[in-house]
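> for reference, the sequence and a predicted model appear below.
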Amino acid sequence: MDSLNKLQILAEHMGLEPAEEVPSQPALAEKQVAPCGQVINPRSQKQNDLGIFHAKMPGGKTIPLLKTLLTSACERNCVYCPFRVGRNYRRVTFKPEEMAQTFMDMYRAGLVKGLFLSSGIIGSGVKTQDRLLDTVTILRQKHHFRGYIHLKIMPGAERAQVETAVTLADRLSINLEAPNPQRLVIVAPQKQFGAELLAPLRWVEEIRQTQPAHVGWNGRMPSTVTQFVVGGAGETDLELLSTAAFLHQQLHLARVYYSTFSPVPNTPLENQPAANPLRTHRLYQASFLFRDYSFDLEEMPFDETGNLPLDRDPKLAWAYANLRENLVEINRASREELLRVPGIGPKGAEVILRARQRGTLREVAHLQQLGVHTSRLKPFVLLDGKRPSYQLPLFKGIDNGS
């Protein structure tokens, strides 16, 4: 079988890895939901046939990224996974040299500019990690590829392998899949939450804190990310976000990704209902509040079941509960206070702070001239002591703002 045919077979399920992709809005009727719950624009489906995705890099640039596996064979039995051991599914495998050459052929043809490389586990996590490292080493040293590589760390990998990966990749990740050991055993009974999955993320952070930056690839330490399956193990949003908050605050993960559970035929969960993609959207919004807006877990508007509201984004829900009677004066608020206002993000807060040095902001039009989105902030702010006029909503609908 030639390499392109192998990539086509692997690409069928690579939507399960939403890394580097911009989180999708809730599914619309004219869009298609992939096996992972991600929303796919049908116009982009052709490019996905080989596993090529338009992906946003850590610096904000968008590139075509080859997202693939060394092998779809796996000895683990994760109950939600299309690659689980024993499933009747056609398996394909690349050798490290073959994968490196295939990628470079695509790179030189202008099809891709970066690589996301993972693998099923065969012969232990250590042996599989060696093959992944061999592939990336060939790319870096033989083919002199200096572009973006996101490398997966396998469950069971050794610390020395992680130390090597730091010198080769721009980003490293290992999927936690579930928020805690009790939930993990439901969806991945052979995986060990602390020793196999969380430990490598700790190791990378320890390396970042103790080693000089030039040890990392191209003089920079790699960023780290992880992924959860949403709705596969009966977990609550509180459980997921408790772990996400810890990862952002203690291990300094750049992103936490969420993959909406959707049942895969011929797996133990094939008859379990798919999770709501809107729930995943709300989890992304809450994670960004931890990472970029200095919100704490205790401030999230969980309901009595430990889940976020679906009809309103968590920042807006927090504002309705906390700011309606405690309006924020735009001309005196600190950066942290401005970030609590719906419609004001990090960039908006900075432009407001700079504009205040030149004069008093008295009208909503002044904020609009600065590029601030004002449609959502009016109920929560004062401008030079005055409350902007706004129209109350006629009914409570689904809000998808950030």
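Cool, got the structure. Numbers count the residues shown, from 1 in each chain.

> not counting sequence-adjacent ones, nearest residue to Leu316?
The shortest distance from Leu316 to any non-neighbouring residue, by CB to CB, 6 or more residues apart in numbering, is to Pro342 (4.9 Å). For the C-beta atoms, the positions are set from N, CA and C on the backbone; glycine is no exception.

> A strand includes the one you found, no?
No: counting by DSSP: H, G, I helix; E, B strand; the rest coil, Pro342 falls outside a strand, being coil.

> relative to Gly345, how far out is the residue nearest to Leu370 when sequence neighbours are not counted?
Sequence neighbours aside, Val351 is the residue nearest to Leu370 in space, at 4.7 Å (criterion: CB to CB, 6+ apart). As defined by CB to CB, to the nearest Å, Val351 lies at a distance of 10 Å from Gly345.

> list the buried residues for the top helix by length along the chain?
If you go by DSSP state H, the chain has its longest helix at helix 277-292. By 16 or more other CB atoms under 10 Å, the buried positions in helix 277-292 come out as 277-291.

> confirm the residue nearest to Leu370 sits in a helix?
Yes: counting by three-state DSSP, Val351 falls inside a helix.

> wait, it sits on Gly371?
Yes: using CB atoms under 8 Å, Val351 is in contact with Gly371, at 6.4 Å.

> neighbour count winner among Val351 and Gly345?
For the pair Val351 and Gly345, the greater number of neighbours falls to Gly345 (18 against 15), based on other CB atoms under 10 Å.

> which parts of the chain are strands?
32-33, 39-40, 52-56, 62-69, 114-118, 148-152, 171-173, 223-230, 255-260, 328-329, 381-382 (DSSP state E).

> what's near enough to touch Lys142?
Ala100 (CB atoms under 8 Å, 6 or more residues apart in numbering).

> got the confidence number for it?
Predicted confidence (pLDDT) for Lys142: 98.

> C-alpha coordinates for stretch 180-187, CSV please?
Provided in CSV are the C-alpha atoms of stretch 180-187 (Å, rounded to 0.1, in the frame of the first residue of the first chain):
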residue,chain,number,x,y,z
ASN,A,180,-9.6,12.2,37.3
PRO,A,181,-8.7,8.5,37.9
GLN,A,182,-12.3,7.6,38.8
ARG,A,183,-13.6,8.7,35.4
LEU,A,184,-10.6,7.5,33.4
VAL,A,185,-11.1,3.9,34.4
ILE,A,186,-14.5,4.1,32.7
VAL,A,187,-13.2,5.1,29.3
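
> contacting residues around it?
78-80, 176-178, 191-194, 197, 229, 232-235, 239, 243, 269.

> just the buried ones from these?
Using 16+ other CB under 10 Å, the buried ones in the contacts of stretch 180-187 are 78-80, 176-178, 191, 193, 197, 229, 232-233, 235, 239, 243, 269.

> circling back: nearest to Glu329, of the buried residues of helix 277-292?
Nearest to Glu329 among those: Leu289, at 21.9 Å, using CB to CB.

> residues in contact with that closest one?
Phe295, Met300, Pro314, Lys315.

> so which of these belong to helices?
Reading helices off those with DSSP H, I get Pro314, Lys315.

> who wins for most neighbours among the contacts of Leu289?
Lys315 (28 neighbours).

> that one contacts Gln285, doesn't it?
Yes: Lys315 lies in contact with Gln285 (CB under 8 Å); the separation is 6.9 Å.

> which residue, other than its chain neighbours, is closest to Ser124?
Gly156 (6.2 Å).

> and the one you found, how many residues sit next to it?
Neighbours around Gly156, by other CB under 10 Å: 22.

> report pLDDT for it.
95.

> list the residues that contact it.
Ile121, Ser124, Gly125, Val126, Gln129, Glu196 are the contacts of Gly156 under CB under 8 Å, 6+ apart.

> quick one: it from Gln272, how far?
Gly156 is 27 Å from Gln272, by CB to CB.

> give me the buried positions along stretch 178-188.
In terms of neighbour count (16+ other CB under 10 Å), stretch 178-188 has its buried residues at Ala178, Pro179, Asn180, Arg183, Leu184, Ile186, Val187, Ala188.

> which ones among those residues lie within helices?
Per DSSP H, the buried residues of stretch 178-188 map to helices at Arg183, Leu184, Ile186, Val187.

> now, which of the residues you listed sits nearest Pro212?
Among those, Leu184 lies closest to Pro212 (CB to CB), at 34.7 Å.

> can you pull the phi/psi pair for the residue nearest to Asn88 when sequence neighbours are not counted?
Distances taken as CB to CB, 6+ apart place Asn266 nearest to Asn88, at 5.6 Å, with adjacent residues excluded. Main-chain dihedrals, Asn266, degrees, to the nearest 10: phi 60, psi 40.

> quick check, pLDDT for Asn266.
The model's pLDDT for Asn266 equals 92.

> correct me, but it touches Gly86?
No: with contact defined as CB under 8 Å, Asn266 does not reach Gly86; the gap is 9.0 Å.

> run through this protein and note the low-pLDDT ranges.
22-48, 390-402 (pLDDT under 70).

> what residues go with each domain of it?
Domain ranges of the chain: 3-272, 322-382, per automatic domain parsing.

> ok, which of those domains comes nearest Thr305?
Among the domains of the chain, domain 3-272 sits nearest to Thr305 (CB to CB), with 6.6 Å.

> pull the distance from the closest one to the chain's centre.
10 Å (CA atoms, centre = their mean, to the nearest Å).

> endpoints of that domain, how far apart?
Terminal residues of domain 3-272 lie 35 Å apart, using CA to CA, to the nearest Å.

> how near is the closest residue to Thr164 other than its chain neighbours to Arg140?
Of all residues not flanking Thr164 in the chain, Leu133 sits nearest, at 5.7 Å (CB to CB, 6+ apart). From Leu133 across to Arg140, the span is 10 Å (CB to CB).

> which one among the contacts of Leu289 gets closest to Glu337?
Looking across the contacts of Leu289 and measuring by CB to CB, the closest to Glu337 is Phe295, at 12.5 Å.

> ok, the closest one - contacts?
Phe295 touches Ala286, Leu289, Lys315, Trp318, Arg340, counting by CB under 8 Å, 6+ apart.

> which of these sit farthest apart?
Top of the distance list for the contacts of Phe295 (CB to CB): Ala286 and Arg340, 14.1 Å.

> before I go, just wanted to say thanks for your time.
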